[in-house]
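Participant: Give the three-dimensional model of this entry:
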Amino acid sequence: MLKLAIIFLLIGLVLGGLGFGGIGGAFVGIAKILFFIALALFVIFLVLGLVAGKKVLD
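Facilitator: A predicted model of the protein is given here:
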């Protein structure tokens, strides 16, 4: 998902540079949303991994 966020960001920056501001802004917005979703999933899985790891070690 982070890879998709980077791709959308690059497309948005290229479109913004070429003068397609509305479409470029939309792509940058999608990239931001995907980035925060990926970040939230990372934190959730990190916490789940720490909790599960402690249960196995005990």
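Participant: what does stretch 16-33 rub up against?
Facilitator: Identification of contacts with stretch 16-33 by C-beta atoms under 8 Å, 6 or more residues apart in numbering yields 5-9, 11-15. (Each C-beta comes from the backbone N, C-alpha and C, glycine too.)
Participant: Please pick the buried ones from those residues.
Facilitator: When neighbours are counted using 16 or more other C-beta atoms under 10 Å, the contacts of stretch 16-33 contain these buried positions: 5, 8-9, 11-12, 15.
Participant: helix/strand/coil for Gly19?
Facilitator: For Gly19, the secondary structure call by DSSP: H, G, I helix; E, B strand; the rest coil comes out as coil.
Participant: Count the residues that sit near it.
Facilitator: 8 (other C-beta atoms under 10 Å).
Participant: what pLDDT does it get?
Facilitator: The predicted structure scores Gly19 at 85 on the pLDDT scale.
Participant: Closest to Phe45 out of the buried ones among the contacts of stretch 16-33?
Facilitator: For these, the closest approach to Phe45 (C-beta to C-beta) belongs to Ala5, at 16.8 Å.
Participant: Give me the distance from the strand or helix carrying Leu41 to the chain's centre.
Facilitator: In this structure, Leu41 sits in helix 21-57 according to DSSP states H and E. Counting by C-alpha atoms, centre = their mean, to the nearest Å, helix 21-57 is centred 6 Å from the centre of its parent chain.
Participant: Likewise for stretch 5-23?
Facilitator: Relative to its chain's centre, stretch 5-23 lies at 16 Å (C-alpha atoms, centre = their mean).
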